[in-house]
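Asker: can't give you the sequence, but here's the structure:
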């Protein structure tokens, strides 16, 4: 019998009391002025990390008006797209906006519920599944604040809470140490991959023919964005790529889709499989992706429809991965912009097609080992996270006491 089982048998043999979240906690109604807010204590929804990974430092803060005040021990939950599982237990006082829910234990329960225990309960997959079930909106779902307060949580004796928190904290620490080791190994493999990629794509002077991307492509196009005033343009069967998805990856599916009407009433257009997509603006400018399915894209993607009669599309993809720094340097400024003409004139080596295929086969294996979540170290990282989530949810499952 575990220590938790012993405590439950001793302190609550008939089961654990359950209460509505709204009985034991409430949303913060206090406010803090923008003059008291800094990058260190502002936590907008964009500063909450996915999958309960904490928060990151803010890059900008509101310059005026009042914000929702949070304090040490409050639980902050991202209320946009609940499936992202953004949640953080505040370790400082600060401010946030209306896209973040600040859950604070009410005074009469502050002596009977540990903040960290409440955080673990609300970090569970069970809670986020409930949150999504009651969320409002299709394109950008938001949690239903009233429904969240109706979520039923266990309130075991403090000794049980402390033991669960101790175990989960220990598990979290061990997991973090292991993940750090695995991340270090993964980073080493990424460097090894980059080394071999650069070596394979280095050709002696005069050893191969060179051409511009415009010459090796059948055509080069951009896309378009259906009007957001027409929500019926979204959620169809047509894959639609945004620049945020153009980040050294092979596209087999997209985050968003559009409808036939959305395609027809915008400048979006079909891009055939085996094309190369280059982001032209923003944080991912000069990064690339390769699509293995037919897709459409937004207007900030430069789409290279490669002539596969003499050029392997994945060879072009790997070459542009290698050339990121050089291509990015062509778009200086705070908001980098690379125009399609610049991309069209960019040069690429063209070894014999057989040699291109050989290089692609080698790099595909490296790419899968480093990046594919179904193999290698990334799979190990994912498995460790799932193991933690499983034990966390199991520890937080109790027999309910009869009323």
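Answerer: Great, that's in hand. All values derive from a computational prediction rather than experimental measurement.
Asker: Okay, helices next: where are they in the stretch 151-300 of the chain?
Answerer: For the stretch 151-300 of the chain, the helices defined by DSSP state H, counting those that start in this stretch occupy 158-200, 213-216, 260-264.
Asker: Those helices into CSV, with extra columns for mean pLDDT?
Answerer: Shown next, in CSV, are those (pLDDT from 0 to 100):
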stretch, mean pLDDT
helix 158-200, 86
helix 213-216, 96
helix 260-264, 95
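Asker: Residue 249 is nearest to which of those?
Answerer: helix 158-200 (13.9 Å; CB to CB). Any C-beta I mention is one placed from the backbone N, CA and C, and that applies to glycine too.
Asker: so where's the stretch 1-150 of the chain uncertain?
Answerer: Across the stretch 1-150 of the chain, the ranges flagged by pLDDT under 70 are 1.
Asker: Give me the most central residue, the protein.
Answerer: residue 50 (5.9 Å; CA atoms, centre = their mean).
Asker: Just the terminal-to-terminal distance for stretch 97-115.
Answerer: Using CA to CA, to the nearest Å, one end of stretch 97-115 lies 21 Å from the other.
Asker: Same check on stretch 294-314?
Answerer: Stretch 294-314 has its terminal residues 15 Å apart, counting by CA to CA.
Asker: So for that stretch, what gets flagged as buried?
Answerer: 295-298, 300-306, 311-314 (16 or more other CB atoms under 10 Å).
Asker: Adding distance to residue 152 and mean neighbour count, write the helices of the stretch 151-300 of the chain out as a markdown table.
Answerer: Below are these laid out as a markdown table (distance: least, CB to CB, whole Å; neighbours: other CB atoms under 10 Å):
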| stretch | distance to residue 152 | mean neighbour count |
| --- | --- | --- |
| helix 158-200 | 16 | 14 |
| helix 213-216 | 58 | 18 |
| helix 260-264 | 40 | 16 |
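Asker: Residue 369 is nearest to which of those?
Answerer: helix 158-200 (6.7 Å).
Asker: Quick check: nearest residue in space to residue 118, chain neighbours excluded?
Answerer: Distances taken as CB to CB, 6 or more residues apart in numbering place residue 75 nearest to residue 118, at 6.0 Å, with adjacent residues excluded.
Asker: for residue 141, same thing?
Answerer: Leaving aside its chain neighbours, residue 141 sits nearest to residue 135 (3.9 Å; criterion: CB to CB, 6+ apart).
Asker: For that neighbour, grab the count of nearby residues.
Answerer: Residues lying near residue 135 (other CB atoms under 10 Å) number 20.
Asker: Three-state assignment for residue 53, please.
Answerer: coil (DSSP: H, G, I helix; E, B strand; the rest coil).
Asker: how far away is the residue in the chain sticking out farthest from the centre from residue 349?
Answerer: Centroid-distance maximum for the chain: residue 206 at 43.5 Å, with CA atoms, centre = their mean. From residue 206 across to residue 349, the span is 11 Å (CB to CB, to the nearest Å).
Asker: how about the strands in the stretch 301-403 of the chain?
Answerer: 301-306, 347-350 (DSSP state E, counting those that start in this stretch).
Asker: can you tell me which strand in the chain is longest?
Answerer: strand 234-241 (DSSP state E).
Asker: Return the set of buried residues in that strand.
Answerer: Buried residues in strand 234-241 (16+ other CB under 10 Å): 234, 236, 238, 239, 240, 241.
Asker: Apart from its neighbours in sequence, what residue is nearest the second one?
Answerer: Going back to what we said before, that points to residue 236. In space, residue 236 is closest to residue 259, 3.2 Å off (CB to CB, 6+ apart).
Asker: mind checking which of the strands of the stretch 301-403 of the chain is nearest residue 116?
Answerer: Closest among the strands of the stretch 301-403 of the chain, once you apply CB to CB, is strand 301-306, at 43.8 Å.
Asker: by how many degrees do the closest one and strand 234-241 diverge?
Answerer: Counting by axes from the mean of the first three to the mean of the last three CA atoms, to 10 degrees, strand 301-306 lies at 60 degrees to strand 234-241.
Asker: Strand partners (parallel or antiparallel) of strand 301-306?
Answerer: On the basis of DSSP bridges, the sheet neighbours of strand 301-306 come out as strand 217-221 (antiparallel), strand 275-279 (antiparallel).
Asker: Run the chain-centre distance for that strand.
Answerer: 25 Å (CA atoms, centre = their mean, to the nearest Å).
Asker: What average pLDDT does it get?
Answerer: Averaged across strand 301-306, the pLDDT comes to 96.
Asker: Who are the contact partners of residue 223?
Answerer: 241, 267, 268, 269, 271, 296, 297, 298, 299, 301, 303 (CB atoms under 8 Å, 6 or more residues apart in numbering).
Asker: let's go with 6 Å and repeat that
Answerer: 268, 296, 297, 298, 299, 301 (CB atoms under 6 Å, 6 or more residues apart in numbering).
Asker: still on that earlier bit, distance to residue 68 for the helices of the stretch 151-300 of the chain - can I get that in CSV?
Answerer: Below are the helices of the stretch 151-300 of the chain laid out as CSV (distance: least, CB to CB, whole Å):
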stretch, distance to residue 68
helix 158-200, 26
helix 213-216, 49
helix 260-264, 36
